Structures are given as C-alpha cells and as structure tokens.
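Engineer: Fold the following and give me the result.
(chains A and B)
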2 protein chains.
Amino acid sequence: VFLKLTIAYEGTAYAGWQTQKVGLGVQQVIEEALEKIFGIPLRLHSSSRTDTGVHARGMVAHLEVPDERWKMTIRKFPLAVNAMLPEDIRVMAAVRAPDGFHARFAALSKEYRYYVWNHFAMDPLRRQVAWLVPSSLDLAAMKQAAAVCQGTHDFAAFAGRRDYEMKTTVRTLHQFSFTKSGPLITFRLVGDGFLYKMCRGLVGTVIQVGQGKVAAEQMIEIISSRDRTLAGMTAPAHGLVLWRVNYR
Amino acid sequence: VFLKLTIAYEGTAYAGWQTQKVGLGVQQVIEEALEKIFGIPLRLHSSSRTDTGVHARGMVAHLEVPDERWKMTIRKFPLAVNAMLPEDIRVMAAVRAPDGFHARFAALSKEYRYYVWNHFAMDPLRRQVAWLVPSSLDLAAMKQAAAVCQGTHDFAAFAGRRDYEMKTTVRTLHQFSFTKSGPLITFRLVGDGFLYKMCRGLVGTVIQVGQGKVAAEQMIEIISSRDRTLAGMTAPAHGLVLWRVNYR
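Structural biologist: Numbering: from 1, shown residues only, chains lettered A, B, ... in the order given. Predicted structure coming up:
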C-alpha cells in the first residue's frame, strides 16, 4: 500500500525532521511507531526537512507498506500510528498516494507561516510558536520590504551553508506578506521551494526593516548581492510553521 | 499606587487562580514575585477565580502598592514583574486604577472562549488549549441549543456545588455562540457573571447536542429544571480561556 501522510508536530522537543548527532528527529519517532505496528522497518519520505525547533501543521510524507503486512483500513491507520506517538506529533490525514507520487519531487509549492508577537510581554499561550519582538515596528516599511522579495530571484543571500551543494539558489517566492491582528503578526511565505533558513532570514531581515535597522530599499540590494553576510538576522526557529505543501 | 493589571497565563501547570490544598495557584506565584520586588507581602484582588487547568488571556486584578515602596515607572512595572515570573504567567498590561476600582465588583461583563478541535487527531500546536472531540457534530442543532441559553435565566442546573452559598444563581448570558474554521470550533460566552463550571457545563451540553445525545429542544428544559443532574457533561478545563473582563 502506497500512502500519503499529512503530519503535524510541535518542534520544540526535536532536532527537526531528521535525527541529528545531537538530537532526535520527528521522522525517526514516526518510523519507530510504524515499525511497532508493521513489524518491519519502514522509511518515510518527506516533502521537506524542517530545522531544529521548527513546527509543522502540514508536513507531507509518503510511505510504502508491503501488502502482506497491511491488515487495516486506511481510516484506522492514522489512529493506530497516533496511539504509538507522543502528543507533540500527529498524523492528521492518510490517503492512498497516486502512482509515482513523491512527497518531495511532486510538490508544486509550499507555504510557511511565521508568527511574531509584537508586545512587551509574550502571550503565554503562544510562547512555543511565536517570536517575541517588543520593539515598535514600521509596518509600512516592512510591507514594502517583503513585497520586493516576491517573484523569481537568486536567494543566495538568504541561503544557509547547506545550500552550496545545490545546483541553484534561484527560487520563486509567490507570496511574502503579513497581517497584524493585535500584537500578532502572521507572515505568509508561499514559494516553489525554500533554501535552508531562507524563511527565517527573510522574516528576520524584514523585522529589522521594521525596527529601522535596515532600509526597505536595501532589501533588493541584499538579494542582488547574493552575499550571505549582507542579509539581516535569522529569525528564531520556534516562530516558523510548515503550513502546507501543495500538489497537483 | 493603585494598579489595574491584565494577566495572561497557561493554566496547565496550576491549580487555577487560587492556591488549593493540592496545588499552586497563579495568584500566589504573582504575589511571591511582587514580594521579591517590593519587599513586603502584597495582595492581588482578581475579577475571577479560574478553575484548575483553565487559561487566561485577560484576567484582571487590582493591587495597592504603598507609595513609599514604589520606586519605578508604571511602564517598567510589568517588565520587572515578568522578569520574576515563570514563562507561563505574564502581566500583559498595567495602568493606574481609577479611585474605588475593584476588579471583581466593578466588572460589567466577562468573556470566555472555549476551543474544541473537531477532528480524529489533535493539532499538536493546540493540544494545551483545546478539547479534542472526534465525533461528527450537528452544527445546526448546536447553534439552536446555544442560542436558547442566551438571556437572563436561573442557571442553577449549570452551577457547581460551590455556588449554593451564593444569593442567586440567576445570570445574564449576553452571547453564547460559536464559529467553525476547519476543525477548530471557537465558542464565545459573554455574560454579566458566570457560576462555577457554568461555561464548561454549557459547552459540554451543547457538544452533546451536536453528538445527538441531547436534543436541542431539551436545552431550555434543562435550564428550567434548575436540576444539576439533568445538565450534560462538563467540558474539560483545558479548552477554556478567560478572554476579557469589561469595565465601564
């Protein structure tokens, strides 16, 4: 049986999707649950690798379960896996994947959300999933800075070291915008793909524009420079949520 | 100095606002922080007493600090207190209270929100602040059941044992409604006052209406009966948030 899973997790306790030398990954926790259920090691193939502390609402992964091991309905499957998982990881949906589906290569676009709490005191109910920015922010300048990042650019200035092995650092950012409701600023980043730490670099730099530390006009210069040292700060991991992965 | 504080907390780790025989209350944690700052015991007087595990976004409390102990600006005060508090409790605002202000007796109305996550699997990012209800729900019946509760009624059927000492169990429920966005159902309860466990009794019973266990038409009969044994289940504490307290 060939399955497409939608997975949500609070990343606080994990070293990201993949297990690292210094910490457990979400992937391994789910694969261990699958092994308990099916009696053999099974491999999850994900759309994305989230970094340490990053959360997910709509991570997608595919999985092949040998037919001779498959003894349940597809409806029961996520309940069985969730019963084996800690509370901070959940399979939110499971469907049969189309032939030839690949969670990573078939992804058309991805959406991330980044939450900033702009007040002197953090909301205790959001503290695991938002970055506290107490300073006053120039929202108009931030809107301008975010808007110029949209479109197809070489985002090398916002690439992590990991990305230098990649063929290209050109990506298309379909949307980079935010809304503010009370102290909560919600950034929406939709693109055909994201470099390592690209979302957090973009949000961190836009926040620095809001603080007056970087001029809105510099944003396009930073991108054009392709120079990592010119980009602003990397926003912390715990404000970022992999929101959705889109397929045809 | 006479102060009005707005306080937020995640109730998960606490025995409610007040310290109980079996657990620490939020009030005591803040009073201990105040004592560290001002060097004398100070008493917080709150608008409400939330139950074990209930959260707050807008708890209001007043406080008198003797002038000879007061050596900071009002702007610095919440920062000083928050520096002494654990992450799950925060003073979100502090202003000078008007003469004769009393957080409890001056309250005109209170708003609670109750969150239900209506899906087979809990969202890991909401698990501390929502009740997981996996069964399918008849939303139209729920709307009807909630609507008939609005207005002035004797809510004795939804009162906890604690309330029998009170003079009256008559309360005015200005609003009891909900919205649904994806799996998230957000109940809004606004009233001039709430009996102990009244919010949770109302939400629990409306959910049972949604599940077909209680008929929508029974809602008004339950209220009229004034009989606690006729009301439905009490929804769990961790879905409830004291959202806001309104004053003139």
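Engineer: May I have the strands that pair with the top strand by length along chain A, each with its orientation?
Structural biologist: The longest strand of chain A (DSSP state E) is strand A:170-181. In the sheet, strand A:170-181 lines up against strand A:151-154 (antiparallel), strand A:184-191 (antiparallel) (DSSP bridges).
Engineer: want to try a markdown table for the ones you listed, with mean neighbour count and distance to residue A:161 as columns?
Structural biologist: Where you see a C-beta, it was placed from the backbone N, CA and C, and this is true even at glycine. Below are those laid out as a markdown table (neighbours: other CB atoms under 10 Å in any protein chain shown; distance: least, CB to CB, whole Å):
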| stretch | mean neighbour count | distance to residue A:161 |
| --- | --- | --- |
| strand A:151-154 | 14 | 16 |
| strand A:184-191 | 20 | 20 |
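Engineer: give me phi/psi at the residue of chain A most remote from its centre?
Structural biologist: Distance from the C-alpha centroid of chain A peaks at residue A:68, with 34.5 Å (CA atoms, centre = their mean). Main-chain torsions, residue A:68, degrees, to the nearest 10: phi -70, psi -20.
Engineer: Could you measure from it over to chain B?
Structural biologist: According to CB to the nearest CB, to the nearest Å, residue A:68 and chain B sit 27 Å apart.
Engineer: any weak-confidence spans in chain A?
Structural biologist: Counting by pLDDT under 70, chain A shows low-confidence ranges at A:162-165.
Engineer: Any residues of it in contact with chain B? List them.
Structural biologist: For chain A, the residues in contact with chain B (CB under 8 Å from any CB of the partner chain) are A:8-10, A:55, A:57, A:78-79, A:82, A:87-92, A:119-125, A:127-129, A:241.
Engineer: Which of those fall in helices?
Structural biologist: A:78-79, A:82 (DSSP state H).
Engineer: Do a quick rundown of the strands in chain A.
Structural biologist: A:2-9, A:45-46, A:55-64, A:89-96, A:109-117, A:131-132, A:151-154, A:170-181, A:184-191, A:240-246.
Engineer: Next, the contact list for residue A:57, please.
Structural biologist: Contact analysis of residue A:57 by CB atoms under 8 Å, 6 or more residues apart in numbering or on different chains lists A:8, A:92, A:113, A:241-244, B:123, B:125.
Engineer: ugh, typo on my part, it should be residue A:185
Structural biologist: Applying CB under 8 Å, 6+ apart, we find residue A:185 in contact with A:115-118, A:137, A:178-179.
Engineer: Can I get those residues in a markdown table including neighbour count and distance to residue A:30?
Structural biologist: Formatted as a markdown table, those follow (neighbours: other CB atoms under 10 Å in any protein chain shown; distance: CB to CB, whole Å):
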| residue | neighbour count | distance to residue A:30 |
| --- | --- | --- |
| A:115 | 19 | 25 |
| A:116 | 23 | 30 |
| A:117 | 20 | 30 |
| A:118 | 20 | 35 |
| A:137 | 20 | 38 |
| A:178 | 20 | 31 |
| A:179 | 9 | 32 |
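Engineer: okay, those residues in TSV with distance to residue B:14 next?
Structural biologist: Converted to TSV, the contacts of residue A:185 look like this (distance: CB to CB, whole Å):
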residue	distance to residue B:14
A:115	25
A:116	27
A:117	22
A:118	27
A:137	33
A:178	33
A:179	32
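Engineer: Show me which of these is closest to residue B:15.
Structural biologist: Closest approach between the contacts of residue A:185 and residue B:15, by CB to CB: residue A:117, at 26.9 Å.
Engineer: So for the closest one, what's the nearest residue that isn't a sequence neighbour?
Structural biologist: Excluding the flanking residues, the one nearest residue A:117 by CB to CB, 6 or more residues apart in numbering or on different chains is residue A:130, at 4.3 Å.
Engineer: Then residue A:3?
Structural biologist: Per CB to CB, 6+ apart, closest to residue A:3 is residue A:63, 4.8 Å.
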